[in-house]
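Student: Please work out how this folds:
(chains A and B)
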Amino acid sequence: MKGTVGRLTRIFVINSVRILTLLLAVSVITFVLVSASPIDPVRQYIMGLGTAVSPEQRAEIEDYWGVNEPPVERYFGWMSELLKGNLGESALYRRPVADIIRERFLNSLALMLCAWVLSGGIGFTVGCVMGMYRDRLPDKILKKVCYVISSIPTFWLGLVFLLVFAVWLKWFPIGFSGPIGVLRDEVTIWEKLYHLILPAFTLSLMSFANIALHTRQKLADVLNSEYVLFARARGEGGWMILRRHGLRNILLPALTLQFASFAELFGGSVMAENVFSYPGLGSAVSAAGLNADVPLLLGVTLFSALFVAVGNMTANLLYGIIDPQIREVDG
Amino acid sequence: MEQKKETLLEIHDLSVSFRMYDHGLEQTELEVISDLYLTVYPGEIVAVAGSSGSGKSLLASAILGILPGNAAVHGHLHYKGQELTKERQERLRGTEIALVPQSVAFLDPLMKVGAQADGHRKPFPTDRRKKLFERLGLPDNTERLYPFQLSGGMARRVLVSTALLTDAELVIADEPTPGMSLEQALEALRMFREMADNGKAVILITHDIDLAVEFADRVAVFYAGTTVETALAPDFQKGPDALRHPYSQALWRALPQNGFTPIAGFQPYAGALPAGCLFAPRCPHKTEQCTNAVPPVREIRGGEVRCYYGA
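Tutor: The predicted model follows:
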């Protein structure tokens, strides 16, 4: 086990270095892109003030912000503040970006976590059923369902759900993370969960079909393997084989897929949160984009890169713990 | 004297075919085993010899009932005097009939070897397995290893142990020796011999005729999915004159120590089998009769042969 800890530490260190370099690259690229874009942060800021500003005052603000300095200097200025933990202040919300990300991310995390568990659980189960009944009726039906769902855009599906379940059937609220007219601090956990169900379900449908189809294929490969043939020769029946050999051998690829879906999940959450007016990071990023809120945009971009990279690192670490073919080699 | 005993396994007129889609929706039946016969008595090793594609491994799957879904089996398949139905196969496989598969690929790559040898039936035979591993010369830590950590010889012994743990009366060993050193191969075959001497029966599917003949009682020679001859093992040591079928004789002559002489032609593919005797197109003795009808099985000198002229 000592070998395992050592190896995991090594994976952790290597991945952490990779994440740092990745974040550095992302910061440079986003900075360059925002600098090159027609967004004028000063004008955006002044519009936010809501008062008229004379050209002299405007020049003063530009001076104060360092708008006319060379881009490299501006980048290092931003970077040094960033390293101190100062992500700047959102022009849109008039609050520190770090606070907004923290608050919004918790909402998004709840949403994404629910969707992630749902899509992983449903996808894996459906995939197993398809694999066990492959080429028979249950498989054929479920496969078509998967194809249909994976070809539907998330936002459209979200609108349909909203229409059916919230507007017509009135089973679920039409949006937000709590009831309208109730103070944020007074919203109970159950009300939060209640508001979470529909967006989480919509979001989970995005990756569930993918996971189900991959699991099906992987299980079909396993069931065609020689070790399953031998298991049958020893008298193991279908479900016994799934339990003893199937799950064991499809779990690893399923986990990889599940953690690799962090990127998709984040992208999907932008759509889902907008459709359901859910106050998460996804709706913050589109608001920041539409309103040219540069500090918030840069902050969220960096943060989402970190989020996805950490997801991938978790997969790598889990692999080291679960896969004996990796674990035992230098164990 | 052996013939007076009751048979353990009796197969004749066995055919195995696969349903295939030819062009679009056109279904064809591809017959890969035809008119096959094999009889196995308790206490003996029957070697099954023949080249690749002669139906050796398929026979093993047919006996165990683990052929793929598109396969159809017809013919007489009896175990202990009773028909081996699908239900009986399901009940017997892994208990009375055990398979020793070919390679480490038949072990689950993600399951520890000890648990795999124990199998799925409770209570797990853990104590017996530990003793057996020790007897087979497997190191103490073997049970905690994964298949990829085993050497070829260790994997072989683990596979053999799965059959030994079942108390099976019929063991089907599918090419157990390739990839092993001569020492290991001899050790494995000695274990099969021991099983047979304890009253079990072993079907030894093999490429290695020399080695098989050393340990087997009888040798069944397969060609293109059918049995052409069943010879007593010593016949193979005596030479071609003791053998009954022209293909067995050709097989003997093709052995390295007997001149390495090949015969012309190829084993026909399933789906393109000739009418009559399957070996006729390559046979030096063929007559019109051979190409018209499949020759019947005849008993000659304690063996059996499917040939009009075998002697």
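
Student: and A:Ser207, how many neighbours does it have?
Tutor: Here the number of neighbours of A:Ser207 (other Cβ atoms under 10 Å in any protein chain shown) works out to 25. Backbone N, C-alpha and C define where each C-beta goes, glycine included.

Student: just for the chain, where's the confidence low?
Tutor: You didn't pick a chain, so chain A it is. Under the criterion pLDDT under 70, the flagged ranges of chain A are A:1-2, A:328-331.

Student: please go with chain B instead
Tutor: In chain B, residues with pLDDT under 70: B:1-5, B:179, B:311.

Student: Try it again at 50.
Tutor: B:1-3 (pLDDT under 50).

Student: mind listing the strands for it?
Tutor: Along chain B, counting by DSSP state E, strands occupy B:9-21, B:27-40, B:45-49, B:71-79, B:82-83, B:97-100, B:170-174, B:201-206, B:218-223, B:226-232, B:297-300, B:303-306.

Student: Excluding covalently adjacent residues, which one is nearest to whichever residue of chain B sits closest to chain A?
Tutor: Across chain B, the shortest distance to chain A (Cβ to the nearest Cβ) belongs to B:Gly94, at 3.0 Å. Leaving aside its sequence neighbours, B:Gly94 sits nearest to A:Gly235 (Cβ to Cβ, 6 or more residues apart in numbering or on different chains; 3.0 Å).

Student: Spell out which parts of the stretch 201-331 of chain A neighbour chain B.
Tutor: For the stretch 201-331 of chain A, the residues in contact with chain B (Cβ under 8 Å from any Cβ of the partner chain) are A:225-227, A:229-237, A:240, A:244-245, A:248-249, A:252, A:323-325, A:328.

Student: Would you mind giving me the PyMOL syntax to select the buried ones in the residues you listed?
Tutor: What follows is the PyMOL syntax for the buried subset of those, where burial is set by 16 or more other Cβ atoms under 10 Å in any protein chain shown:
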select buried, chain A and resi 225+227+229+230+231+232+233+234+235+236+244+245+248+249+252+323+324
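
Student: In helices only, show me the residues of the stretch 201-331 of chain A next to chain B.
Tutor: Within these, membership in helices is found for A:226-227, A:229-233, A:240, A:248-249, A:252, A:324-325, as judged by DSSP state H.

Student: Tell me which two of these sit farthest apart.
Tutor: Every pair in those was compared (Cβ to Cβ); the two farthest apart turn out to be A:Ala233 and A:Leu252, at 25.1 Å.

Student: which one of the strands of chain B has the most crowded surroundings?
Tutor: strand B:97-100 (a mean of 29; mean count of other Cβ atoms under 10 Å in any protein chain shown).

Student: helices and strands around it, which ones?
Tutor: Strand B:97-100 sits against helix A:226-233, helix B:56-64, helix B:152-164, strand B:170-174, with contacts defined as 3 or more Cβ pairs under 8 Å, 6 or more residues apart in numbering or on different chains; DSSP states H and E.

Student: what residues are up against the one residue in the stretch 101-250 of chain A that gets nearest to chain B?
Tutor: Using Cβ to the nearest Cβ, A:Gly235 is the residue of the stretch 101-250 of chain A that sits closest to chain B, at 3.0 Å. Each residue near A:Gly235 by Cβ atoms under 8 Å, 6 or more residues apart in numbering or on different chains is listed here: B:Glu90, B:Arg93, B:Gly94, B:Thr95, B:His120, B:Arg121.

Student: swap the cut-off to 10 Å and go again
Tutor: By Cβ atoms under 10 Å, 6 or more residues apart in numbering or on different chains, the residues touching A:Gly235 are B:64, B:89-98, B:119-121, B:166.

Student: same question, B:Gly239
Tutor: B:Gly239 sits in contact with B:Gln249, B:Trp252, B:Arg253, B:Asn258, where contact means Cβ under 10 Å, 6+ apart.

Student: Kindly recompute the last result at 7 Å.
Tutor: Contacts for B:Gly239 were tallied using Cβ atoms under 7 Å, 6 or more residues apart in numbering or on different chains; they are B:Trp252.

Student: Does A:Leu159 touch A:Phe276 like I think?
Tutor: No. With the criterion set as Cβ atoms under 7 Å, A:Leu159 and A:Phe276 do not qualify as a contacting pair; they are 9.7 Å apart.

Student: ok so, going back, can you put the strands of chain B in CSV and add distance to B:Asn141?
Tutor: What follows is the strands of chain B, written out as CSV (distance: least, Cβ to Cβ, whole Å):
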stretch, distance to B:Asn141
strand B:9-21, 38
strand B:27-40, 37
strand B:45-49, 32
strand B:71-79, 38
strand B:82-83, 44
strand B:97-100, 23
strand B:170-174, 26
strand B:201-206, 30
strand B:218-223, 39
strand B:226-232, 44
strand B:297-300, 51
strand B:303-306, 47
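
Student: List, one by one, the residues from chain B near chain A.
Tutor: B:64, B:66, B:93-95, B:99, B:101, B:105-111, B:119-120, B:146, B:148-149, B:162 (Cβ under 7 Å from any Cβ of the partner chain).

Student: rerun at 8 Å
Tutor: Proximity of chain B to chain A is confined to B:61, B:64, B:66, B:90, B:93-95, B:98-99, B:101, B:103, B:105-111, B:119-121, B:145-146, B:148-149, B:162, B:166 under the rule Cβ under 8 Å from any Cβ.

Student: among the residues you listed, which ones are buried?
Tutor: Neighbour counting over these (16+ other Cβ under 10 Å) leaves B:61, B:64, B:66, B:93-94, B:98-99, B:101, B:103, B:106-111, B:119-120, B:145-146, B:149, B:162, B:166 as the buried ones.

Student: Just these: which are in helices?
Tutor: Judged by DSSP H, the subset of these located in helices is B:Ser61, B:Leu64, B:Thr162.

Student: on that earlier part again, which residues are in contact with the residue of chain B closest to chain A?
Tutor: Under the criterion of Cβ under 8 Å, 6+ apart, the contact partners of B:Gly94 comprise A:Ala233, A:Arg234, A:Gly235, A:Glu236, B:Gly119, B:Arg121, B:Thr166.
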